[in-house]
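**Student:** need a 3D model of the sequence below.
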Amino acid sequence: MRIEETILKNLVLNEEYSLKVLPFVEPEYFTDIVERKVFGLIKSFVEKYKALPSKESLIIEIEEIEDFTEDQYKNAVSLVSNFSENKEANNQDWLKDQTETFCRDRALYNAIMSSVEIIKGKEKKYTKDAIPKILSDALAVSFDTSVGHDYIENSDARYDSLHRVEKRIPFDLEQFNTITKGGLPPKSLNVIMAGTGVGKSMFMCHCAANCLVQNKNVLYITLEMAEERIAERIDANIMDISMDDLYKLSKKEYISKLKSSTSGISGKLIVKEYPTACANVNHIRNLLSELKIKRGFVPDIIFVDYLNIMSSARIRSDGANSYLFVKSIAEELRGLAVEEDVPVVSATQVNRGGFSNSDFGLEDTSESWGLPATVDFMCALISTEELDENGKIMVKQLKNRYNDAVANRKFVIGVERSKMKFFDITQQSHGPISGSNQTDDMDYGHGFGPSEHDVDLPKTQTNYNDWNFEDE
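**Tutor:** Numbering: from 1, shown residues only. Model prediction:
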């Protein structure tokens with residue numbers, strides 16, 4: 001007996017099997033039109049009456065199919081009439097596995113045939129860029145029989161998950177590791193908010209360089225600056241050289257210094273530029289497929305510079321307000337993070353009101369309140385003249401699903417703009433911060449002593465409480 005006949009028979013006679021597999025079987029998996037029509041009748045009956053059809057009811061339904069030829073009608077009646085008690089029902093696991101294999105094979109076959117039609121130009125609905133997604137969706141076909149987490153019965157598994165060490169990508173900034181419990185976890189969307197020119201791109205370039213040094217594969221998507229400008233910033237960071245001195249290097253000196261700075265690094269960093277407002281998550285998905293096929297490159301983390309100047313894969317920019325548009329982009333990026341099992345890092349602007357403030361909150365997010373509602377982690381980079389003069393920048397937690405956002409709400413890190421670098425500084429150099437749980441004896445020097453990086457603030461400004469940094 002053919003597997004198609006076995007599937008149809010058990011969908012009618014085997015309730016346990018039918019409940020498990022019917023949601024995953026599609027009509028197009030059946031190449032024979034008679035079997036496809038019979039399957040459609042079975043699925044429609046179950047969806048409408050919440051019960052399995054009898055052979056008699058199916059035969060009556062078959063008689064009402066108008067586009068059947070006489071031979072097709074006879075074959076359909078014969079097929080259903082031959083449904084009899086099945087021996088396969090004694091082995092439910094085998095039956096389910098065979099059906100899953102059938103569905104996956106048919107889905108892959110259909111995907112390949114569709115791809116051929118696209119290449120030939122006969123399929124007008126999709127472009128060639130859609131082929132990797134069509135094939136990956138076919139390969140992902142599987143029967144997910146999970147019906148949820150039983151709070152009492154699954155307590156052992158829940159305890160194990162509570163004590164499982166989650167894979168994270170750490171920062172080289174200890175205070176960020178503290179507030180994120182060790183770094184950025186996979187399947188997360190993390191956003192940096194700041195005003196124009198404060199350092200959003202610089203911070204992401206610094207983090208990208210740090211990930212590369214950790215031997216991670218890094219994908220950096222830029223929609224604002226050219227690929228070469230991003231690479232230059234990462235050059236300065238990794239080589240520990242100012243941007244001015246970077247331009248003065250001869251080609252021989254440049255190559256030598258780069259090799260010296262990256263020796264022992266096994267990770268790769270790919271920078272890809274897209275025109276502003278012209279790329280959405282589907283472009284990134286296609287890029288990921290191409291990188292995997294052509295270069296064997298699979299990223300451990302993805303940077304998108306930056307979220308607000310992307311386009312949405314679902315909503316046209318001229319057909320929606322900014323709230324829905326930006327929220328849609330954020331949801332799509334977070335969905336990509338879940339699909340690829342990686343953290344995604346991006347940035348957003350503050351609005352006009354926040355730009356002129358020395359302190360701001362979630363309400364100052366540019367364009368859409370839907371963005372902070374979607375992200376897992378969000379922090380602000382705050383700059384003032386006093387901080388700039390002393391080579392420092394204020395960080396304020398705005399949202400944190402990894403840890404308590406109230407603890408260590410605000411802290412200060414050092415910034416060396418000429419080298420595109422951020423670094424830890426000792427707490428003593430900047431005094432207590434309002435809204436922070438840092439203690440005066442906490443030292444986050446991380447190899448940078450006060451003689452190199454810690455510059456005392458003017459005596460009249462050593463206490464940030466005087467700057468009214470309390471939450472609104």
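
**Student:** just the element for the residue nearest in space to the middle of the chain, please.
**Tutor:** The centre of the chain sits closest to residue 337, judged by CA atoms, centre = their mean, with a distance of 1.2 Å. Here residue 337 is covered by helix 322-340, with elements defined by DSSP states H and E.

**Student:** residue 373 touches residue 326, doesn't it?
**Tutor:** No. Between residue 373 and residue 326 there is no contact under CB atoms under 8 Å: 10.7 Å. Every residue, glycine included, has its C-beta placed from N, CA and C.

**Student:** between these two, tell me which one has more neighbours.
**Tutor:** residue 326 (25 against 13; other CB atoms under 10 Å).

**Student:** go ahead and confirm residue 3 touches residue 100.
**Tutor:** No. If you go by CB under 8 Å, residue 3 and residue 100 don't touch, sitting 11.2 Å apart.

**Student:** of the two, who's got more company?
**Tutor:** Taking neighbours as other CB under 10 Å, residue 3 and residue 100 compare with residue 100 leading, 17 against 13.

**Student:** ok, that one touching residue 142?
**Tutor:** Yes. Between residue 100 and residue 142 there is a contact under CB under 8 Å: 6.6 Å.

**Student:** what residues do those two have in common as contacts?
**Tutor:** Common neighbours of residue 100 and residue 142, counting by CB atoms under 8 Å, 6 or more residues apart in numbering, are residue 24.

**Student:** SS state for residue 122?
**Tutor:** Under DSSP: H, G, I helix; E, B strand; the rest coil, the three-state class of residue 122 is coil.

**Student:** how many neighbours does residue 6 have?
**Tutor:** Residue 6: 16 neighbours (other CB under 10 Å).

**Student:** for residue 169, same thing?
**Tutor:** 21.

**Student:** follow-up on the earlier one: the helix holding residue 337 packs against which elements?
**Tutor:** Under the contact definition 3 or more CB pairs under 8 Å, 6 or more residues apart in numbering; DSSP states H and E, helix 322-340 sits against strand 188-194, helix 281-295, strand 301-305, strand 343-349, helix 370-374.

**Student:** can you say which of those is nearest to residue 414?
**Tutor:** Of all these, strand 188-194 sits nearest to residue 414, with 16.1 Å by CB to CB.

**Student:** got the angle for the closest one vs strand 343-349?
**Tutor:** 30 degrees (axes from the mean of the first three to the mean of the last three CA atoms, to 10 degrees).

**Student:** pLDDT score for residue 368?
**Tutor:** We have a pLDDT of 64 for residue 368.

**Student:** how near is the residue of the chain most remote from its centre to residue 5?
**Tutor:** The C-alpha centroid of the chain is most remote from residue 70, which lies 53.0 Å away (CA atoms, centre = their mean). Relative to residue 5, residue 70 is positioned 21 Å away (CB to CB, to the nearest Å).

**Student:** which residues are in contact with residue 199?
**Tutor:** 381, 383, 393, 415, 417.

**Student:** sorry, that was for residue 331
**Tutor:** residue 374 are the contacts of residue 331 under CB under 8 Å, 6+ apart.

**Student:** how close does it get to residue 189?
**Tutor:** Where residue 189 is concerned, residue 331 sits at a distance of 9 Å (CB to CB).

**Student:** which neighbours do these two share?
**Tutor:** residue 374.

**Student:** any weak-confidence spans in the protein?
**Tutor:** 1, 85-90, 145-147, 317-320, 351-364, 366-369, 426-472 (pLDDT under 70).

**Student:** quick check: domain ranges of it?
**Tutor:** Taking automatic domain parsing as the reference, the chain has its domains at 3-139, 174-467.

**Student:** which residues of the stretch 151-300 of the chain fall in helices?
**Tutor:** Assigned helices in the stretch 151-300 of the chain, in chain order: 155-162, 174-179, 200-213, 227-239, 243-248, 251-262, 281-295 (criterion: DSSP state H, counting those that start in this stretch).

**Student:** buried residues in stretch 142-156?
**Tutor:** For stretch 142-156, a neighbour-count test (16 or more other CB atoms under 10 Å) marks nothing as buried.

**Student:** contacts for it, please.
**Tutor:** 20-21, 24, 96, 99-100, 103-104, 158.

**Student:** again, but for stretch 259-277
**Tutor:** By CB under 8 Å, 6+ apart, stretch 259-277 touches 208-209, 211-227, 230-231, 234, 238-240, 283, 287, 291, 295, 297, 299-300, 309-311, 317.
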